[in-house]
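1. Dropping the sequence and predicted coords here.
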Amino acid sequence: MNHWMVRVLALGGLLLCGWVRAQETWTPLFDGTTQKGWANTPFAGAGEIEVRDGTLVLNQGILTGVNWTNDFPTVDYELSLEAQRVLGIDFFCGLTFPVGTNHLSLIVGGWGGSVVGLSNIDGDSANQNSTTHLERFESGRWYALKLRVVSTNITVWLDGKQIIDLDTREKRLALREGEIERSKPLGIAAWSTTAALRQIRWRSLVAPQVPARTQAVLPPETRAAMDRLVSAMSASREGWDRLAELCDTFGARPSASPALESAVDWILERMRRDGLENVHGEPVVVPRWERGSESVEMLSPRRERLPMLGLGGSVGTPPGGITAPVSVVTNFAELAQRAAEVRGRIVVFNVPFTEYGETVRFRSQGAIEAAKAGAVASLIRSVADDALRTPHTGAMRYEDGVARIPHAALAPEDAERIAREVARGRPVTLRLEMSAAERGRATNRNIIAEIRGREKPDEVVVLGGHIDSWDVGQGAQDDGGGCVAAWEALRWMKKLGLQPRRTVRCVLWTQEEWGGRGAQGYREAHSAELGRHVIAMEADAGTFTPKGFGFTGSDAARAMLAPVHAYLGERLGAGMADSRGVAADIAPLLERGVPVMSLHVDRARYFRIHHTEADTVDKVDPEALARCSAAMAAMVYAIADLPEPLPR
Ligand SMILES: [Zn+2]
């Protein structure tokens, strides 16, 4: 044990144990024999409520429910329960709960049986917002639900698996209007369904107050190494020079392209020259999608070619293109309602950007929903929060059994203009021509490089980004910068002669943008050692000014990381810590129990250039990149140098 561990256990013991104790104290809200504490909610047409065999039963009515009649917190709590659908096909748990001064409902099994989500987020109900999750529920089976409400996030687990993690800042939270408002502040209801409930309990997440001197602190030797990394790296421009050379030499790096493979060779060669260890590529077979030639021409009310980009994975049009009148919609519900009108037309989704996860649904699922309504092609307003008449590409998908129609992106300005013309009563006709297609397979490589650990080389701390990009621009912010930031962390450890206890491994995943086979391939190739992966970190949100890190893992680990976050706050102004640790390439590792972490940056200018021709290296600020890299290096060094691995 070194100083850090001793201090965490001795001086910091109060903090850590107090925290854990608060975490472990669950208070039952249902005693299993009486309805004590729960009043019948005065819904019109409610079914009967009874306590039977240790369960609270809400018998089928229209809306049937109970309200908690005692005190309950409004934030920093967890609530868990088990729920079962006994009879019926709609939601068997509509849990209404407080979030600060607002309320939300967690709907489980709604909209015909399978929808889980939160109502309402920014005015959208649980079946059509970023929290929407589908699950096939069996009648007569118990499902364990856990809800966590903290000031920045709402997180939901179903049978131990996290299914919702919503950053609630800048979100409008409100109940759906109507009867459900009677469930405030805390209530559980079922819709046209008999539901059974048990094990209803809650706990506070507020740690007991402890004096400041008992906070865990970084051991001096770890801190000294972190200081050297931060001082040297935050003043260096070498990372930016490398990124610029990579971008200018190879251009865009789409998966399955020769440019990507040449870039990978170049990086491997440089990493070996840097003196990094175990440098190699790991092959991954990927499908090849090619954009080919493409265009959108407006034929009426005025003839004009519009800037556009096909979406990754889209089919092409027949030769000569598709010419059809346009229907403009702003959401999926409107599309379904207007299916009779939409048939045979090109759908334009004119959806303004709210938040990436929310708006990107029209890119990923738009072709499926448009085809279901009978459309012959679909176009989206690019997923962008700022418009310079630049179309943005990105991944899309099809669904088995639904017609595959071409799907492409317009610049936000043109989607708006088409909507204005239609609103004026001037029909808009477009001709869409695309030769996009999937053409066979190719072998790509994930890149691996290491600094072997001085004491526990078999225990691994992973950090990286994805080396592939879209086929436009240079993939500088997405995600060349993240790759170089991770690479620089290892290069500087080597250069400064710093070797932490555990192995630090840089992984540059391939094919993140269109399928994630690099991430799957890494998990398969390293499945035997995932138990010894201490953490996996990814930087894939751009390399703007760093703000901090999100972490998804145990509360005990979170408590141990607190001094590192505090250090990064002092040294780099990057002390932000939240629970949003997941990113695309590390999500498969999280599924296997590896704690994960993501670099958070100031994204104010990210979605202006994301997935466009304008994602070029001049958009990366050398100082911001250096600071991202320094923050990652310090965080990774601290974790790799812990006396004991981060608890899972
Ligand atoms: Zn990316």
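-> On my side now, so go ahead. Numbering: from 1, shown residues only.

2. In the record's domain split, what are the boundaries for the protein?
-> As given by automatic domain parsing, the domain ranges for the chain are 28-204, 238-287+440-640, 294-435.

3. quick one: buried residues of the helix or strand hosting Arg441?
-> Following DSSP states H and E, one finds Arg441 within strand 437-451. The neighbour-count check on strand 437-451 (16 or more other Cβ atoms under 10 Å) flags 442, 444-451 as buried. Any C-beta I mention is one placed from the backbone N, CA and C, and that applies to glycine too.

4. Repeat that for stretch 353-360.
-> Those buried within stretch 353-360 under the rule 16+ other Cβ under 10 Å are 353-356, 358-360.

5. hang on, the earlier thing: next secondary structure after the strand holding Arg441?
-> Counting by DSSP H and E, the next helix or strand C-terminal to strand 437-451 is strand 456-466.

6. Can you give the distance of that next one from its chain's centre?
-> 21 Å (Cα atoms, centre = their mean, to the nearest Å).

7. Near the ion, which residues of this protein are found?
-> Proximity of the chain to the ion, by Cβ under 5 Å from the ion, involves residues 478-479, 540.

8. Dihedrals phi and psi, the nearest residue to Met233 once chain neighbours are set aside?
-> Distances taken as Cβ to Cβ, 6 or more residues apart in numbering put Ala630 closest to Met233, at 3.9 Å, once the chain neighbours are dropped. Main-chain torsions, Ala630, degrees, to the nearest 10: phi -60, psi -40.

9. Can you get me a residue count around Ala630?
-> By the criterion of other Cβ atoms under 10 Å, Ala630 has 29 neighbours.

10. so it touches Asp227, yeah?
-> No. The pair Ala630 / Asp227 is not scored as a contact, 10.6 Å apart, by Cβ atoms under 8 Å.

11. quick revisit: farthest-separated two in the buried residues of strand 437-451?
-> Pairwise distances across these peak at 30.7 Å for Ala442 and Ile451 (criterion: Cβ to Cβ).

12. can you pick the most crowded of the residues of the chain next to the ion?
-> Busiest of the residues of the chain next to the ion [other Cβ under 10 Å] is Asp479, holding 32 neighbours.

13. residues contacting that one?
-> 465-467, 469, 512, 539-540 (Cβ atoms under 8 Å, 6 or more residues apart in numbering).

14. ok so, going back, closest to Arg270 among the buried residues of stretch 353-360?
-> Tyr356 (32.1 Å).

15. wait, doesn't the closest one sit right on His611?
-> No. Taking contacts as Cβ under 8 Å, Tyr356 lies outside contact range of His611: 11.0 Å.

16. what sits in contact with each of these two?
-> Residues within reach of Tyr356 and of His611 at once, by Cβ under 8 Å, 6+ apart, are Val383.

17. End to end on stretch 297-310, go ahead and measure it.
-> 14 Å (Cα to Cα, to the nearest Å).

18. Excluding its own residues, what touches that stretch? List them.
-> With contacts defined as Cβ under 8 Å, 6+ apart, stretch 297-310 is touched by 291, 294-296, 323, 379, 382, 389-393, 406-411, 414, 418, 421, 426-431, 433-434, 436, 472, 612.

19. Show me those residues that map onto strands.
-> Secondary structure of the contacts of stretch 297-310 is defined by DSSP state E; positions in strands are 294-296, 323, 379, 407-410, 429-431, 433-434.

20. For these, give me JSON lines that also has pLDDT, neighbour count and distance to Leu246.
-> As requested, the ones in strands among the contacts of stretch 297-310 are arranged in JSON lines below (pLDDT from 0 to 100; neighbours: other Cβ atoms under 10 Å; distance: Cβ to Cβ, whole Å):
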{"residue": "Glu294", "pLDDT": "98", "neighbour count": "19", "distance to Leu246": "27"}
{"residue": "Ser295", "pLDDT": "98", "neighbour count": "16", "distance to Leu246": "31"}
{"residue": "Val296", "pLDDT": "98", "neighbour count": "25", "distance to Leu246": "32"}
{"residue": "Thr323", "pLDDT": "98", "neighbour count": "16", "distance to Leu246": "42"}
{"residue": "Leu379", "pLDDT": "98", "neighbour count": "31", "distance to Leu246": "33"}
{"residue": "His407", "pLDDT": "98", "neighbour count": "32", "distance to Leu246": "30"}
{"residue": "Ala408", "pLDDT": "98", "neighbour count": "28", "distance to Leu246": "29"}
{"residue": "Ala409", "pLDDT": "98", "neighbour count": "32", "distance to Leu246": "26"}
{"residue": "Leu410", "pLDDT": "98", "neighbour count": "26", "distance to Leu246": "30"}
{"residue": "Thr429", "pLDDT": "98", "neighbour count": "16", "distance to Leu246": "43"}
{"residue": "Leu430", "pLDDT": "98", "neighbour count": "25", "distance to Leu246": "38"}
{"residue": "Arg431", "pLDDT": "98", "neighbour count": "18", "distance to Leu246": "38"}
{"residue": "Glu433", "pLDDT": "98", "neighbour count": "20", "distance to Leu246": "33"}
{"residue": "Met434", "pLDDT": "98", "neighbour count": "25", "distance to Leu246": "30"}
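
21. Output these as JSON lines; include the columns distance to Thr33.
-> JSON lines is the format used below for those (distance: Cβ to Cβ, whole Å):
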{"residue": "Glu294", "distance to Thr33": "67"}
{"residue": "Ser295", "distance to Thr33": "71"}
{"residue": "Val296", "distance to Thr33": "67"}
{"residue": "Thr323", "distance to Thr33": "70"}
{"residue": "Leu379", "distance to Thr33": "60"}
{"residue": "His407", "distance to Thr33": "56"}
{"residue": "Ala408", "distance to Thr33": "61"}
{"residue": "Ala409", "distance to Thr33": "59"}
{"residue": "Leu410", "distance to Thr33": "62"}
{"residue": "Thr429", "distance to Thr33": "69"}
{"residue": "Leu430", "distance to Thr33": "66"}
{"residue": "Arg431", "distance to Thr33": "70"}
{"residue": "Glu433", "distance to Thr33": "70"}
{"residue": "Met434", "distance to Thr33": "65"}
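
22. out of these, who's nearest the ion?
-> Ranked by distance to the ion (Cβ to the ion), the ones in strands among the contacts of stretch 297-310 are led by Ala409 at 16.6 Å.

23. follow-up on the earlier one: can you add pLDDT and distance to Ser598 and give the contacts of Asp479 back as a markdown table?
-> Below are the contacts of Asp479 laid out as a markdown table (pLDDT from 0 to 100; distance: Cβ to Cβ, whole Å):
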| residue | pLDDT | distance to Ser598 |
| --- | --- | --- |
| Gly465 | 98 | 11 |
| His466 | 98 | 13 |
| Ile467 | 98 | 17 |
| Ser469 | 98 | 19 |
| Glu512 | 97 | 13 |
| Ala539 | 98 | 7 |
| Asp540 | 97 | 7 |
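
24. Pull out the buried residues from the residues you listed.
-> Members of these classed as buried by 16+ other Cβ under 10 Å are 465-467, 469, 512, 539-540.

25. Of those, which pair is most distant in space?
-> It's Ser469 and Ala539 that sit farthest apart of these, by Cβ to Cβ, at 14.2 Å.

26. Residue of the stretch 251-400 of the chain nearest the ion, please.
-> For the stretch 251-400 of the chain, Cβ to the ion, closest residue to the ion: Gly394, 9.8 Å.

27. What is the strand holding Arg441 packed up against?
-> In terms of contacts (3 or more Cβ pairs under 8 Å, 6 or more residues apart in numbering; DSSP states H and E), strand 437-451 is packed against helix 258-273, strand 277-290, helix 481-495, strand 502-509, helix 517-525.

28. run the last query once more with 6 Å
-> Applying 3 or more Cβ pairs under 6 Å, 6 or more residues apart in numbering; DSSP states H and E, one finds that strand 437-451 contacts helix 258-273, strand 277-290, strand 502-509.

29. Report the inter-axis angle for that strand versus helix 481-495.
-> 20 degrees (axes from the mean of the first three to the mean of the last three Cα atoms, to 10 degrees).

30. Listing partners with orientation, what would you give for strand 437-451?
-> Within its sheet, strand 437-451 is paired with strand 277-290 (antiparallel), strand 502-509 (antiparallel), according to DSSP bridges.
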